[in-house]
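A.B. asks: Generate coordinates for the sequence data below:
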Amino acid sequence: MKNWLISAVLLSAAAPALADEGMWQPHQLPAMADVLKAKGLQIDPDTISTLTEFPMNAVISLGGCTASFVSPKGLVVTNHHCAYGAIQYNSTAKDNLLKDGFLARQLTDELPATPGSRIYVTKAISNVTEAVTKGLADKQGKDFYRAVEDREKALVAECEQGGGYRCEVYSFHRGLEYYLVKQLEIRDVRLVYNPAGSVGKYGGDIDNWMWPRHTGDFAFYRAYVGPDGQPADYSPDNVPFTPDSFLKVSAKGVQEGEFVMVTGYPGRTNRYRTAAEVENQFGWTYPNSKALRETIMTLIRQTAPEGSDARIKYESTLASLANYAKNFTSMIEFYGKSTMLADKIAIEEALAAWINADTERQRQYGSALTELNTLIARSQQTRERDLLMAYMGYSQMLSAADRLYRLAHERQKPDMAREPGYQSRDMTRFKSAMERIDRRYDAAVDQAILQELLAQYAKLPAQQRLTGVDKAFAIDAGARQTRALLANAYANTELANKAARLGWMEKSVAEFKQSDDPFIQLAVARYDTLRAEESRRKTLSGELMKVRPLYMDAIIGYNQSQGKQVYADANSSLRVSIGKVTGYAPQDGLYAIPFTRLEGILAKDTGIAPFDAPPEQLALIKQKQYGDYYMPAINSVPVNFLSTLDTTGGNSGSPTLNGRAELVGLLFDGVYESIIGDWNYDPRTNRSIQVDSRYMLWVMEYLDKADNLLAEMVIVK
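C.D. replies: This next block holds a predicted model:
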């Protein structure tokens with residue numbers, strides 16, 4: 001049974017005419033034409049279903065964030081926090097672009113972004129479900145996993161022939177359908193402009209996920225290609241990319257109640273997870289992940305003093321850790337107040353009753369939930385160890401050694417037989433990751449993180465631990481021996497040197513085994529154990545990949561029988577959300593209006609980070625220097641605004657558009673009460689936060705004098 005993947009949250013879902021819920025696949029939008037027009041869309045709905053037409057071809061992916069072209073010369077706008085890694089990479093203690101901001105007044109002043117930075121322009125999406133799954137019914141476990149993986153690799157290889165493109169197969173509804181996405185891969189990305197941190201990150205972690213908000217969360221890149229117009233590695237001879245279209249930027253903005261839509265690449269939502277998964281995630285995974293993140297943050301701050309070069313190297317890591325620690329805090333808090341678990345249980349009971357009411361449905365779906373919950377329980381048996389092992393990835397030396405040794409093994413195989421991430425197509429990314437370590441690594445910090453995680457690992461019950469890992473790190477010999485082993489490893493490894501790391505990319509398994517580098521030795525000693533664990537996980541994943549689609553098919557059928565539309569969870573593919581500008585009531589007796597003003601910066605400002613706006617900005621606000629960006633309804637220039645847009649991580653940097661598809665803001669956050677929306681949508685509290693286009697233009701014109709960029713863009717007044 002096959003279904004178009006539309007969106008809604010199971011029983012609580014409302015039809016799209018009644019709510020602004022849903023991250024829609026572009027091809028679904030023509031069927032919603034009447035709804036879109038009634039809400040305020042003024043362009044042809046067919047154009048936003050066609051990836052090669054405006055405005056969809058102006059919206060791009062950064063591989064974790066969204067961005068958009070805003071000039072015919074490849075100028076790209078995204079969030080400040082999305083460009084944070086590139087800003088940090090180009091910063092030093094003496095020339096701190098994170099703190100002071102950066103503006104290239106001419107093309108030759110633009111700075112190469114972080115190695116491996118990419119801009120992806122989606123060119124085509126095709127349904128490849130049959131090509132992926134046909135004839136695999138008899139395969140089980142790891143065999144099924146590998147068969148799907150092999151077919152995906154074959155489709156990708158064919159798609160990428162000729163070069164210049166990055167292709168990927170995306171699973172929708174956990175394997176019910178598969179789509180092949182083809183994207184132009186632009187490899188020369190340069191930093192053009194970012195406001196000072198006291199603008200771009202105003203409010204810092206304190207204001208993160210909060211309202212009211214006054215953050216200028218925007219920055220600019222530029223896409224470059226070779227003189228022939230084709231994607232190319234960085235070269236002084238490269239020229240700005242000419243996009244097929246770009247967005248005009250509105251100096252008029254939006255008013256309360258007006259239609260908005262957002263196009264972007266939302267990461268992951270989990271609105272169709274089972275009750276067992278919900279209970280585990282909120283009762284165990286989030287609390288323990290939050291604690292680990294907070295521990296790592298504390299270690300970084302203790303080991304790398306404020307203002308030091310080591311701290312600058314870890315600012316991007318700290319920002320990410322803090323963001324998700326606060327995210328998890330909200331998840332836990334609102335789950336405790338909600339009826340989510342009871343609702344999930346009720347949904348499953350209703351689903352079971354629907355299945356049992358029909359003989360054919362019993363035959364098709366009768367065992368799906370039972371089998372799924374059995375597999376989920378197996379996956380949770382080693383959750384303590386699995387979480388700690390995952391967080392050991394924050395040790396860059398350990399991770400680099402492991403990946404390099406894995407590469408030596410994979411290079412012995414034919415390219416199509418290699419593990420994804422280790423094929424020829426991945427080597428540019430692999431090399432870039434090795435290069436990036438230089439500006440994101442400090443030995444003392446890395447050692448402190450790994451030492452703490454190993455100390456926690458050592459406290460696990462013996463049956464939870466892995467023999468190869470115990471032996472490699474001398475766990476049974478005690479904490480003192482483990483600390484001595486790590487001290488020696490960090491003092492004597494050559495992997496802290498970029499040239500050495502890159503050199504190891506070409507070495508053989510035999511050379512690794514002969515090496516006396518302590519981190520190489522750790523990678524060799526743990527390799528067989530890690531591969532055995534990987535094999536176990538793939539076997540379980542293969543079993544889940546066979547059961548989940550059946551469960552999702554039942555969910556879709558049940559909801560459609562109730563007259564409710566069903567939509568696919570977010571999976572980093574291109575989606576469109578629709579909504580309007582409006583406030584909300586975060587708690588009884590309070591109402592949050594949808595706009596903040598320049599004067600709110602004055603009210604918050606203490607002169608101490610993170611509420612330390614530039615003195616020049618404060619002076620402009622006091623002088624009421626509003627210019628063309630004045631909004632009569634609030635008697636000021638708007639800074640941020642709220643909307644009902646249904647978004648999640650990955651939507652950061654997404655262009656928020658008005659009914660004419662003009663850029664009126666950049667989406668950069670959600671309110672605290674909406675974080676749980678990844679699991680359970682609530683139209684009363686689901687609000688996205690955008691930086692208003694009028695504030696962006698105001699900062700560029702009056703504060704940073706970015707006249708060259710303003711002249712390059714088309715600004716609609």
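
A.B. asks: R271 reaches W679, doesn't it?
C.D. replies: Yes: taking contacts as C-beta atoms under 8 Å, R271 lies within contact range of W679: 6.3 Å. C-betas here are computed from N, CA, C, even on glycine.

A.B. asks: what's the spacing between L522 and V714?
C.D. replies: For L522, the distance to V714 (C-beta to C-beta, to the nearest Å) stands at 55 Å.

A.B. asks: Compare neighbour counts for these two and give me the winner.
C.D. replies: Between L522 and V714, L522 has the larger neighbour count (other C-beta atoms under 10 Å), namely 22 against 12.

A.B. asks: right, and the helix or strand after the strand or helix carrying that one?
C.D. replies: Assigned by DSSP states H and E, L522 falls within helix 518-561. Next along the chain after helix 518-561, taking DSSP H and E as the criterion, comes strand 575-580.

A.B. asks: What average pLDDT does that following strand get?
C.D. replies: Mean per-residue pLDDT for strand 575-580: 95.

A.B. asks: contact partners of that strand?
C.D. replies: Strand 575-580 is contacted by residues 16, 20, 22-26, 29, 36, 39-41, 48, 257-266, 643-647, 688 when judged by C-beta atoms under 8 Å, 6 or more residues apart in numbering.

A.B. asks: what's the residue lying closest to E673 once chain neighbours are set aside in contact with, if anything?
C.D. replies: Of all residues not flanking E673 in the chain, T685 sits nearest, at 4.0 Å (C-beta to C-beta, 6 or more residues apart in numbering). Applying C-beta under 8 Å, 6+ apart, we find T685 in contact with Y584, P586, V671, E673, S674.

A.B. asks: hmm, try it at 7 Å
C.D. replies: Contacts for T685 (C-beta atoms under 7 Å, 6 or more residues apart in numbering) come out as Y584, E673, S674.

A.B. asks: ranking those residues by neighbours, who comes first?
C.D. replies: That'd be S674 among those, by other C-beta under 10 Å, with 28 neighbours.

A.B. asks: and it, what pLDDT?
C.D. replies: 94.

A.B. asks: ok, now which ones touch it?
C.D. replies: Applying C-beta under 7 Å, 6+ apart to S674 gives the contacts T685, N686, R687.

A.B. asks: ok, back up a step: before we move on, which element is the residue nearest to E673 in?
C.D. replies: Under the criterion DSSP H and E, no helix or strand holds T685.

A.B. asks: Would you mind measuring from it to R271?
C.D. replies: Applying C-beta to C-beta to T685 and R271 gives a distance of 15 Å.

A.B. asks: Can you list the low-confidence ranges for the stretch 1-150 of the chain?
C.D. replies: Within the stretch 1-150 of the chain, the stretches with pLDDT under 70 are 1-19.

A.B. asks: That one: helices as residue ranges?
C.D. replies: 33-39, 84-89, 97-100, 129-133, 141-159 (DSSP state H, counting those that start in this stretch).

A.B. asks: which one of those helices lies closest to K290?
C.D. replies: Closest approach to K290 among the helices of the stretch 1-150 of the chain (C-beta to C-beta): helix 84-89, 21.4 Å.

A.B. asks: what does the strand or helix carrying L450 contact?
C.D. replies: Assigned by DSSP H and E, L450 belongs to helix 443-458. The contact list for helix 443-458 (C-beta under 7 Å, 6+ apart) reads 295-296, 299-300, 303-304, 310, 314, 388, 391-392, 394-398, 465, 473, 475, 479, 482-483, 486, 490, 496.

A.B. asks: Ok, stretch 106-120 next?
C.D. replies: With C-beta under 7 Å, 6+ apart as the contact definition, stretch 106-120 has outside contacts at 60-63, 76, 85-86, 89-90, 104, 166, 183-187, 189-192, 221-223, 234, 429, 432-433, 435-436.

A.B. asks: Give me the buried subset of these.
C.D. replies: Buried positions within these, assessed by neighbour count (16 or more other C-beta atoms under 10 Å), are 60-63, 76, 85-86, 89-90, 104, 166, 183-187, 189-192, 221-223, 429, 433, 436.

A.B. asks: Tell me the secondary structure at E185.
C.D. replies: strand (DSSP: H, G, I helix; E, B strand; the rest coil).

A.B. asks: Am I right that L29 is in contact with T47?
C.D. replies: No: look at L29 against T47 with C-beta atoms under 7 Å: they stay out of range, at 9.2 Å.

A.B. asks: need the contact list for I715.
C.D. replies: Taking C-beta under 7 Å, 6+ apart, we find I715 in contact with V249, A251, L697.

A.B. asks: separation between it and D100?
C.D. replies: 26 Å.

A.B. asks: Check N127 too.
C.D. replies: From N127 over to D100 the distance is 49 Å, taken as C-beta to C-beta.

A.B. asks: Next: T539.
C.D. replies: Separation of T539 from D100 (C-beta to C-beta): 52 Å.

A.B. asks: try E277
C.D. replies: For E277, the distance to D100 under the criterion C-beta to C-beta works out to 45 Å.

A.B. asks: Please say which of those two ends up with more neighbours.
C.D. replies: A direct count of neighbours by other C-beta under 10 Å for E277 and D100 places E277 higher, at 19 against 14.

A.B. asks: How about the contacts made by the more buried one?
C.D. replies: E277 touches I376, counting by C-beta under 7 Å, 6+ apart.

A.B. asks: tell me which element it is part of?
C.D. replies: helix 275-280.

A.B. asks: related to what we said a few turns ago, give me the subset of the contacts of stretch 106-120 lying in strands.
C.D. replies: 60-61, 76, 166, 183-186, 189-192, 221-223 (DSSP state E).

A.B. asks: before we move on, back to that, for the helix holding E277, C-alpha coordinates in CSV please.
C.D. replies: Extracted C-alpha coordinates of helix 275-280, given in CSV (Å, rounded to 0.1, in the frame of the first residue of the first chain):
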residue,chain,number,x,y,z
ALA,A,275,4.7,5.2,23.1
ALA,A,276,7.7,3.1,24.1
GLU,A,277,10.1,5.4,22.2
VAL,A,278,8.5,8.5,23.6
GLU,A,279,8.9,7.2,27.2
ASN,A,280,12.5,6.3,26.7
